[in-house]
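Enquirer: Sharing a sequence plus its predicted fold:
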Amino acid sequence: MGSTYRSVGACSCRSHLSRSAPPARLLRKHQSIAFGLQGLPRRTCGQGRCGKAGRHLRFKIQAVAAVREAVGRHAPTDVEYDAVIIGCGMGGLTTATQLAAEGAKVVVLEKYIIPGGSAGHFKRDGYTFDVGSSMMFGFGKEGTTNLITRALANVGKALTTVPDPCQIQYHLPKSSEHPDGLDIKVWRRYEDFVEELSRAFPHERAGIKKLYDECWAVFNALNSLQLKSLEEPRYLLGEFFKHPLACLTLVKYMTGNTGDYARKYIRDPVLLRFIDIECYCWSTVPADFTPMINAGMVFCDRHYGGINYPVGGVGRIAESLEEGLQERGGFVEYKANVREIVMEPATGSSPSRAVGVRLNDGRVYRGKTIVSNATRWDTFGKLVPDEQLPESEAKFRGRYTKAPSFLTFHLGVKADVLPEGCHCHHIIVEDWNKMEDPRGTLFVSIPTLLDPSLSPPGTHIFHAFTPEWVDDWKGLDSKEYERRKVQVTDDIIKRLEAYFPGLGAATVFREVGTPRTHRRFLNRMDGSYGPIPSRRPLGMLSMPFNRTSIPGLYCVGDSTFPGQGVNAVVFSAFGCAHRILVDLGMQPKLPVIDEGYNALLGAVRDRA
Ligand SMILES: NC(=O)c1ccc[n+]([C@@H]2O[C@H](COP(=O)([O-])OP(=O)(O)OC[C@H]3O[C@@H](n4cnc5c(N)ncnc54)[C@H](O)[C@@H]3O)[C@@H](O)[C@H]2O)c1
Ligand SMILES: CC(C)=CCC/C(C)=C/C=C/C(C)=C/C=C/C(C)=C/C=C/C=C(C)/C=C/C=C(C)/C=C/C=C(\C)CCC=C(C)C
């Protein structure tokens, strides 16, 4: 089994260790130690600040002990929580913080030993690697769509971020019109991007502008509303009253997909493929399967709030949220593997209800509400046994399927291998017909171009990833598994050398994750990136919101609307926390309308 999120490589430098720091802070500063719970750290930080290894070893042993203590702490089981949350990914953690900010009593139970799940980070040999994407939306300063900024602010936190001047540099295949291939940069300034794309497709200049301007109509509507639970009619009516035009605009786009709008304005087949990759790179499906509301959000926030990288790495977001949660009396228990959701049996006219969770070690946590941040397939099928699968979930399985997982290559490279003026994020498509194949599209992020402190001097982090199914990695013994990892890394580096000449020779550190790594360390069924529609969806209406048909049980994260993406998951958490606060009577509701509206919403969505 790959060791991507486990091996030892801690900093022993005094500047990184503090004997007096509380355990949570130690966890943050010494996450590398936390990754090395199986043994003592082997090395110093690689940032050149250490030199007195013997003396520092004493601090190191104390730090390891403190981290062990933090990781091993149990939350009390003799109380009833307002919410018991399964999983400390961005979905679960943000729900917890937003509930705690309103005075709710919450506990988060996380199987692994760090916060953030796919949006966490880990340290090795002086490198801080983001587990998943390094491209952060929702970090702007203005409007209402800056959801990450808001989630942090609601628990009194803020992070310093570095603006990225270019969201993505696309390296696209040759065509008769573009015999050298197509190189498109999505600049932070909207007008610069539209100009660059229009220069590549001059005959489609008007269509390009119309399509992206239509996305702005969606974004401007979203960006004028308070973003909360779409399952809560009191809030919706309030927003309709305050911003009728914005709400009607969203109603108009609610059932539409991006491909329909693209074809309305654009004829050029290569440009339509470009719109497909613009969607695929975050939704893992082409434009016809991507809801227009989501495209409006992604295609405009990158210009409005911009793409901004948090100093210290993406994992700082989750670490800061966890601090905010603790300061508000919430609790995250690590190494807490939830085995099942405990149900109270049905009585008379009351259906069976979720009332707690049972861990692998047998302990039970009871809650007025239970929130699952696990994927839909892990929640229904594992935590709730298949025999109790609600009809709505059976329907979900018919409409959505698991997206593939990823092969991830966390590389340390010599700095001089990067070309002059290199941008942080790259997408490489060598053949349009292979865009959606496993190992077809290559993604690259070099976050050290924005925050050089993440790697030792003279080096960069080069994070490459590509979609991959778990099936190809099943049933291998450890020797064959390791051999396959080396082989696939060499193959991918060879392909990347066409764009980054000398990459192989310049690589000084390698850590490779496979779908099995994602499955094991993120606890995601088959390591999946999340749900994708198995047929054309009815825009945003097809994805489930936070409530489930089991009373007391809510879902949050990328298995709920609006799907994958850190800011998307944060929106799902805002909705989840809001709906729970209303259901717990901690925020007001309109009782009769509430039930009628949700029954209607359920009926419409059943047909979606
Ligand atoms: N490698 C990648 O790039 C990658 C892969 C998948 C998802 N993503 C992205 O990550 C985000 C997903 O966020 P999310 O919050 O929905 O999920 P998440 O997968 O990031 O977090 C879920 C957390 O729940 C924990 N968990 C699951 N089952 C558990 C159980 N039974 N007991 C205790 N803990 C359990 C996991 O350990 C994990 O920490 C999205 O932005 C998505 O796009 C990225
Ligand atoms: C009745 C009803 C229901 C309603 C009525 C009307 C209304 C009012 C409506 C409303 C609506 C709303 C509010 C909505 C909202 C929405 C939202 C917020 C959305 C969001 C979204 C987001 C997203 C999707 C995102 C995503 C992102 C991502 C995924 C990212 C990713 C990235 C990556 C992967 C990276 C790449 C890389 C490279 C390039 C290297």
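Expert: Everything's here; your move. Numbers count the residues shown, from 1 in each chain. Ligands and ions are numbered 1, 2, ... in the order given.
Enquirer: Show the contacting residues for the residue in the stretch 251-400 of the chain positioned nearest to ligand 2.
Expert: Using Cβ to the nearest ligand atom, the single residue of the stretch 251-400 of the chain nearest to ligand 2 is residue 282, 3.4 Å away. Bear in mind the C-beta positions are built from the backbone N, C-alpha and C, glycine included. With contact taken as Cβ atoms under 8 Å, 6 or more residues apart in numbering, residue 282 is in contact with 298, 564-565.
Enquirer: ok but it is inside a helix, no?
Expert: Yes: according to DSSP: H, G, I helix; E, B strand; the rest coil, residue 282 belongs to a helix.
Enquirer: Look up how far residue 258 lies from it.
Expert: 11 Å (Cβ to Cβ, to the nearest Å).
Enquirer: Same question for residue 457.
Expert: Counting by Cβ to Cβ - residue 457 and residue 258 are separated by 43 Å.
Enquirer: Those two: which is more packed in?
Expert: residue 258 (31 against 11; other Cβ atoms under 10 Å).
Enquirer: Phi, psi for that one please.
Expert: phi -60, psi -40 (degrees, to the nearest 10).
Enquirer: what's the span of stretch 125-139 from first residue to last?
Expert: 29 Å (Cα to Cα, to the nearest Å).
Enquirer: Briefly note if that stretch comes near ligand 1.
Expert: Yes: contact of stretch 125-139 with ligand 1 (Cβ under 6 Å from any ligand atom) involves 132-133.
Enquirer: so who does residue 121 touch?
Expert: 31, 128-131, 313-316.
Enquirer: Name the nearest of those residues relative to residue 514.
Expert: residue 131 (13.7 Å; Cβ to Cβ).
Enquirer: count of residues packed around the closest one?
Expert: 26.
Enquirer: And the pLDDT at it?
Expert: Residue-level confidence at residue 131 comes out at 96, pLDDT.
Enquirer: Could you verify my assumption that it touches residue 119?
Expert: Yes: the pair residue 131 and residue 119 passes the contact test of Cβ atoms under 8 Å, sitting 6.9 Å apart.
Enquirer: Quick check: neighbours shared by these two?
Expert: 314-315.
Enquirer: Identify the residues contacting the residue of the chain found nearest ligand 1.
Expert: Of all residues in the chain, residue 89 sits closest to ligand 1, at 1.9 Å by Cβ to the nearest ligand atom. By Cβ under 8 Å, 6+ apart, residue 89 lies in contact with 116-119, 373, 522, 557, 569.
Enquirer: Would you format those as CSV with pLDDT and distance to ligand 1 included?
Expert: Shown next, in CSV, are the contacts of residue 89 (pLDDT from 0 to 100; distance: Cβ to the nearest ligand atom, whole Å):
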residue, pLDDT, distance to ligand 1
116, 97, 7
117, 97, 2
118, 96, 3
119, 97, 5
373, 98, 5
522, 93, 5
557, 98, 2
569, 98, 4
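Enquirer: Just put the residues you listed in JSON lines and tack on distance to residue 443, neighbour count and secondary structure.
Expert: What follows is the contacts of residue 89, written out as JSON lines (distance: Cβ to Cβ, whole Å; neighbours: other Cβ atoms under 10 Å; DSSP: H, G, I helix; E, B strand; the rest coil):
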{"residue": "116", "distance to residue 443": "19", "neighbour count": "27", "secondary structure": "strand"}
{"residue": "117", "distance to residue 443": "19", "neighbour count": "28", "secondary structure": "helix"}
{"residue": "118", "distance to residue 443": "14", "neighbour count": "24", "secondary structure": "helix"}
{"residue": "119", "distance to residue 443": "16", "neighbour count": "25", "secondary structure": "helix"}
{"residue": "373", "distance to residue 443": "24", "neighbour count": "34", "secondary structure": "coil"}
{"residue": "522", "distance to residue 443": "17", "neighbour count": "23", "secondary structure": "helix"}
{"residue": "557", "distance to residue 443": "21", "neighbour count": "31", "secondary structure": "coil"}
{"residue": "569", "distance to residue 443": "19", "neighbour count": "31", "secondary structure": "helix"}
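Enquirer: Which one of those is nearest to residue 410?
Expert: Of the contacts of residue 89, the one sitting nearest to residue 410 (Cβ to Cβ) turns out to be residue 118, at 13.8 Å.
Enquirer: Regarding the residue of the chain found nearest ligand 2, what are the backbone dihedral angles?
Expert: As assessed by Cβ to the nearest ligand atom, ligand 2 sits closest to residue 565 within the chain, at 2.5 Å. Main-chain torsions, residue 565, degrees, to the nearest 10: phi 120, psi 140.
Enquirer: Which ones, among the contacts of residue 282, also lie beside ligand 1?
Expert: Within the contacts of residue 282, those near ligand 1 by Cβ under 6 Å from any ligand atom are 564-565.
Enquirer: need the contacts of residue 282 in TSV with pLDDT and neighbour count, can you?
Expert: What follows is the contacts of residue 282, written out as TSV (pLDDT from 0 to 100; neighbours: other Cβ atoms under 10 Å):
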residue	pLDDT	neighbour count
298	98	23
564	94	22
565	95	24
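Enquirer: State the pLDDT value of residue 280.
Expert: Reported pLDDT for residue 280: 97.
Enquirer: pLDDT at residue 64, what is it?
Expert: Reading off the model, residue 64 has pLDDT 43.
Enquirer: try the one 3 residues further on
Expert: Turning to residue 67, the model gives it a pLDDT of 46.
Enquirer: now do residue 351
Expert: Residue 351 is assigned 86 on the pLDDT scale.
Enquirer: now it: how far from residue 389?
Expert: Applying Cβ to Cβ, the value for residue 351 to residue 389 is 14 Å.
Enquirer: again, but for residue 451
Expert: Taking Cβ to Cβ, one finds residue 451 at 44 Å from residue 389.
Enquirer: Which residues of this protein lie near ligand 1?
Expert: So the chain meets ligand 1 at 86-92, 109-112, 117-119, 132-133, 336-338, 373-374, 378, 406, 518, 522-524, 529-530, 557-558, 564-566, 569 (Cβ under 6 Å from any ligand atom).
Enquirer: Can I have the buried ones of those residues as a ChimeraX selection?
Expert: Listed next is the ChimeraX selection for buried residues among the residues of the chain next to ligand 1, using 16 or more other Cβ atoms under 10 Å:
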select :86,87,88,89,90,91,92,109,110,111,112,117,118,119,132,133,336,338,373,374,378,406,518,522,523,524,529,530,557,558,564,565,566,569
